[in-house]
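>>> structure for the following, please:
(chains A and B)
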Number of protein chains: 2
Amino acid sequence: MIVPTHFCSLCGAPTSLRVPFGDDLPRFVCNACEHIHYQNPKIVVGTIPQWEDHILLCRRAIEPGYGQWTLPGGFMENGETVEQGAIRETLEECGAEVDITSLFSIYSLPRISQVYMMFCANMRDATFTGGGETLEAKLFRHDAIPWDALAFRVIHAIMNHYIDDAAHNSFSIHIGTILPSSDEPLASHAP
Amino acid sequence: MIVPTHFCSLCGAPTSLRVPFGDDLPRFVCNACEHIHYQNPKIVVGTIPQWEDHILLCRRAIEPGYGQWTLPGGFMENGETVEQGAIRETLEECGAEVDITSLFSIYSLPRISQVYMMFCANMRDATFTGGGETLEAKLFRHDAIPWDALAFRVIHAIMNHYIDDAAHNSFSIHIGTILPSSDEPLASHAP
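Modelled structure (predicted):
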């Protein structure tokens, strides 16, 4: 997945998509100053916010997945750690202050060049809110997760692992891939 | 850490560094088409290649850290999983074919906006080579790691955890941060 870079970010001249000397992948290279515009995967950081025996989910106010439920998370920013990013996104998406307890999952989404890194977290209090990219936030009991209204396959897979681990009271770190092919089995929730 | 983006990659017009509406961080925004040029951390993927009771290290042929030893790794590419990236980089950096056995460490380097993700891996055979970004590759016994000639603080920290875990024959996943401040203690190897 290559995002078009028609013009050089340094000098403004047109670019060409070609394989630079010593490289083996096509990149957008400036026709004038030869600057190479690399593109790399982005990290999505977020949390599974826990309050007593509930989990906090957010209903999305933006596409994709408008109106569907997701975990609070978003793109990691320059200059922060993965934990700082996850805590910041949780506060931004649903107004909840959390303390991270452990890493829970790392999922690669090669089709869209993203890596999801989600953490288990305890809410400091029962305060949360919607706003911005979130229509509403809501606490769900483990037996009342809106499985059919989760926004993304990766969120479904992560939630599935979480609820299974919670049922066994044994949390591990889950590493996986969401394959592009739609006929690949999506880990389904067995109630 | 913001990399200058003087011109819009879509239309070639000059940009300004400003906070877009609804955002709270400065971004390079096109003065003509309003396209926002986000910048996000990059993922470095790699392995700790094991062959019998040895680890394979690479001596760097490029700056930074020219002539010093490192683990095989590099920037994750679009369209691949973290595991695929780690295996590819190991082959590119030192000609070794490996099978990943587990995730070993995740380190945030907020000063340079990178996240290192390293995996334990078994070499398929004792084949390896230098070339490209590597002056030479070499197998080291656990008691002969060139601690004073490791290229980066993050590599030192990861190797330190690995050798400690190996001594106890108990490997866990290590999550940490390399802080910018030089007076922050670097985890030192206690032989």
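
>>> any weak-confidence spans in chain A?
Scanning chain A for pLDDT under 70 picks out A:1, A:181-191.

>>> max-length helix in it?
Longest helix in chain A, counting residues (DSSP state H): helix A:153-167.

>>> what helices or strands is the helix or strand just after it leaning on?
As assigned by DSSP states H and E, the chain's next helix or strand after helix A:153-167 is strand A:174-177. The contact analysis (3 or more C-beta pairs under 8 Å, 6 or more residues apart in numbering or on different chains; DSSP states H and E) places strand A:174-177 against strand A:98-109, helix A:153-167, helix B:82-94. C-beta coordinates here come from the backbone N, C-alpha and C atoms, glycine included.

>>> could you see whether chain B lies near the first one?
Just to be clear, that refers to strand A:98-109. Yes: for strand A:98-109, a contact with chain B is found by C-beta under 8 Å from any C-beta of the partner chain, at A:103, A:106, A:108.

>>> adding neighbour count as columns, could you present those residues in a markdown table?
Shown next, in a markdown table, are the residues of strand A:98-109 next to chain B (neighbours: other C-beta atoms under 10 Å in any protein chain shown):
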| residue | neighbour count |
| --- | --- |
| A:Leu103 | 20 |
| A:Ile106 | 24 |
| A:Ser108 | 24 |
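
>>> TSV please, covering these and showing distance to B:Gly22.
Listed next are the residues of strand A:98-109 next to chain B as TSV, based on distance: C-beta to C-beta, whole Å:
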residue	distance to B:Gly22
A:Leu103	30
A:Ile106	29
A:Ser108	29
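
>>> for A:Gly67, which of the helices and strands packed on strand A:174-177 is the nearest?
helix A:153-167 (14.1 Å; C-beta to C-beta).

>>> got the contact list for the residue sitting nearest the centre point of chain A?
Nearest to the geometric centre of chain A sits A:Val44, at 3.6 Å (C-alpha atoms, centre = their mean). By C-beta atoms under 8 Å, 6 or more residues apart in numbering or on different chains, A:Val44 lies in contact with A:73-76, A:114-117.

>>> which strand or helix spans the most far-flung residue of chain A relative to its centre?
The C-alpha centroid of chain A is most remote from A:Ala32, which lies 36.8 Å away (C-alpha atoms, centre = their mean). Per DSSP H and E, A:Ala32 falls between elements, in no helix or strand.

>>> that one and B:Phe28: what is the separation?
As judged by C-beta to C-beta, to the nearest Å, A:Ala32 and B:Phe28 stand 19 Å apart.

>>> likewise A:Ile87?
For A:Ile87, the distance to B:Phe28 - C-beta to C-beta - is 26 Å.

>>> what number of residues are in the vicinity of A:Asn40?
A:Asn40: 16 surrounding residues under other C-beta atoms under 10 Å in any protein chain shown.
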